[in-house]
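Asker: Prediction below, plus the sequence it came from.
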Amino acid sequence: MFANRKKLERDELKLALDAWQAAMRRFDDACGEEVQFVAYEVEAARKRYMYLLNKRRNISMQDSPGIPQ
């Protein structure tokens, strides 16, 4: 049960990282008015990745024995 949850979290984290990297590549190729739009996309993708990473860290800490909560 926990293995499936961790795999789903890992997959979701990987997808979020891929989306962030893709947005950064689009930003490199953007021009004109598109730059502002893609900048928002990059920031949103970064925030999503960081949120999921922090969520995973917090869950891992709660699942670890011997760590006071």
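Answerer: That came through, no problem. Residues are numbered from 1 along each chain as shown.
Asker: now the helix ranked longest in the chain, how far from the centre of its chain.
Answerer: Determined from DSSP state H, the single longest helix within the chain is helix 34-63. Distance of helix 34-63 from the chain centroid (Cα atoms, centre = their mean, to the nearest Å) equals 4 Å.
Asker: For it, name the packing helices and strands.
Answerer: Other helices and strands packing on helix 34-63, by 3 or more Cβ pairs under 8 Å, 6 or more residues apart in numbering; DSSP states H and E, are helix 2-29. Any C-beta I mention is one placed from the backbone N, CA and C, and that applies to glycine too.
Asker: How far away from the center of its chain is the helix it packs on?
Answerer: Distance, centroid of helix 2-29 to centroid of chain: 5 Å (Cα atoms, centre = their mean).
Asker: Return the set of buried residues in that helix.
Answerer: Neighbour-count burial for helix 2-29 flags 13, 16-17, 19-20, 23 (criterion: 16 or more other Cβ atoms under 10 Å).
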